[in-house]
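Peer 1: turn this into a model:
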Amino acid sequence: MKATSEIHILGKVYFLVPAFSRFFYVLMSPIMSYRGHFGRSTQENKKEKKAMKKKHMVKKLASMMLAAGVAVGTAACGSSGGSGDAERKDAQQIKEENQVSSDALQAEGSKAAETTESKASGAVSETNMSETMSEAESGKKTDYPLTITTYDSEGNEIQTTYEKAPEKVLAVYQGCIETMLALGLEDHLAAAAGLDNEVPEELKSAFSKVEYLDEFTPSLETVTMLEPDMIFSWGSLFGEKTLGSVKDWVDKGCNTYYSSNTRPGSDTETRNRTLENEYTDILNIGQIFDVQDKAEAIVADIKSVIDQTVEATKDLEERPSVLVLEPLGDSITNYGASSLGGDMVTKLGAQLANPDAKTVGKEDIIAANPDVIFVVYMPYAGDDPETVKESQLAVIRDDEALQSLDAVKDGRVVPIMLSEMYASATRTQDGIETFAAGLYPELNQ
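Peer 2: Got it, this is the predicted structure:
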């Protein structure tokens, strides 16, 4: 979607609202003076109140004109190849899909009843005692003010400072929302947006407490109205077509943090998407909100799957060769060494059959002839996940030109969801487990 010159200007114009307000106020002052001449109050305090009210209305008028301009500019851009909001699930459908199941509700009720009964009787279970002791022993606390390294809109490192844990956070996109929920931070969320898939069952109760926005990618006007003190999202949210620059938000007193593996690159530099980046993000959010123990536990669980897999396969003489492919229309994306999926595969001890290519053709796949092919799929717009998965698999598995491949003949064409290997956050463990099971099926026997 190519933006018009109007939207380029409107993407920045919010920060000129005070100037607009002053402009309209000056413009309308003669009218105000004329009206005031015939209806002037003899009481000074009433005069001041009226003046304040008029000034407030002028500012409100400027904001309304800004909002209208944003709406018109956005409509003029069209929808072809853009954010895809029109093709996404609507907010109501997402809310319905993320309802807590009746079994989970019953389990929560039983747990709450047990806790109440336990407190009433003064009894303490071994599990509760263990958890309490563990918390007391660890007791890691964030020392505010806290300085965190993140990135600006161009991908340059910047420092942001937190005087306390943010209280009105906007979380946008799957991994950011799920990270907040997994860390028990739903009460710190002012709103959330941008879910492509259901949150895990164990997080649905927490998600039900969060305001979910109607817009998949929130507009500048919507976010401004929320008045967040922190925005947690992807790098793509901060640009002329979306929320404007990181610097502008930070200067206004709203810190930003975006997933390190969505940091924009440049014409001369490719950013490596790594597991280490995912760990860093989870740990940084843990520090910002003073829930370091929970964050460290999540990261430890991910690392433990890798360690266990590496230990169990240390005696293998030959390492499996792998391609991680995503069919996209007429092209096939290859997730190589600089991708998060590629980093996961190599950390598990496998070898990438084509570590450098961004896209591949059928002849490239045949030349590589990997032991395993992972096929990336991602359901959108309310699609049935199984249908999308089978459709993607069929592109590789059922192609006549690829029937000679060892992976096809041996039944080692394995699906993996994009959200488990791209800015995966707390789904990183799911991705690692999926890769490990496909690489070493004997471990599951």
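Peer 1: send the alpha carbons of the helix or strand harbouring Ile298 over as PDB?
Peer 2: Counting by DSSP states H and E, the element that carries Ile298 is helix 292-312. Listed next in PDB are the C-alpha coordinates belonging to helix 292-312 (Å, rounded to 0.1, in the frame of the first residue of the first chain):
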ATOM      1  CA  GLN A 292      11.800 -10.900  37.300                       C
ATOM      2  CA  ASP A 293      11.300 -14.300  38.800                       C
ATOM      3  CA  LYS A 294       8.400 -15.100  36.500                       C
ATOM      4  CA  ALA A 295      10.300 -13.900  33.400                       C
ATOM      5  CA  GLU A 296      13.400 -15.900  34.400                       C
ATOM      6  CA  ALA A 297      11.300 -19.100  34.900                       C
ATOM      7  CA  ILE A 298       9.800 -18.700  31.300                       C
ATOM      8  CA  VAL A 299      13.300 -18.300  29.800                       C
ATOM      9  CA  ALA A 300      14.700 -21.200  31.900                       C
ATOM     10  CA  ASP A 301      11.900 -23.500  30.600                       C
ATOM     11  CA  ILE A 302      12.700 -22.700  27.000                       C
ATOM     12  CA  LYS A 303      16.500 -23.300  27.500                       C
ATOM     13  CA  SER A 304      15.800 -26.500  29.300                       C
ATOM     14  CA  VAL A 305      14.100 -28.000  26.200                       C
ATOM     15  CA  ILE A 306      17.100 -27.100  24.100                       C
ATOM     16  CA  ASP A 307      19.500 -28.500  26.700                       C
ATOM     17  CA  GLN A 308      17.600 -31.800  27.000                       C
ATOM     18  CA  THR A 309      17.400 -32.200  23.200                       C
ATOM     19  CA  VAL A 310      21.100 -31.500  22.700                       C
ATOM     20  CA  GLU A 311      22.000 -34.000  25.500                       C
ATOM     21  CA  ALA A 312      19.700 -36.700  24.100                       C
END
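Peer 1: each with direction, which strands does the helix or strand following that helix pair with?
Peer 2: Following helix 292-312 in sequence order, the next helix or strand is strand 321-328 (DSSP H and E). With DSSP bridges as the test, strand 321-328 is paired with strand 331-334 (antiparallel), strand 351-352 (parallel), strand 372-377 (parallel).
Peer 1: who's in contact with the longest one?
Peer 2: Residues outside strand 372-377 that contact it (Cβ atoms under 8 Å, 6 or more residues apart in numbering) are 320-327, 333, 335, 341, 345, 350, 365, 385, 388-389, 391-393, 395-397, 405, 407-408, 412-418, 421, 434-435, 438-439. From N, CA and C alone the C-beta is placed, and that goes for glycine too.
Peer 1: which is the next helix or strand following it?
Peer 2: As assigned by DSSP H and E, the chain's next helix or strand after strand 372-377 is helix 385-397.
Peer 1: follow-up on the earlier one: helices or strands up against the helix holding Ile298?
Peer 2: helix 275-288, helix 428-439 (3 or more Cβ pairs under 8 Å, 6 or more residues apart in numbering; DSSP states H and E).
Peer 1: give the buried residues for it.
Peer 2: 292-299, 302-303, 305-306, 309 (16 or more other Cβ atoms under 10 Å).
Peer 1: what's the answer for stretch 316-329, then?
Peer 2: Of the residues in stretch 316-329, those buried by neighbour count under the rule 16+ other Cβ under 10 Å are Pro320, Ser321, Val322, Leu323, Val324, Leu325, Glu326, Pro327.
Peer 1: so what touches it?
Peer 2: Contacts with stretch 316-329, where a contact means Cβ under 8 Å, 6+ apart, come from 332-335, 339, 341-342, 345, 349-354, 360, 365, 368-377, 392, 395-396, 407, 416, 418, 421, 439-440.
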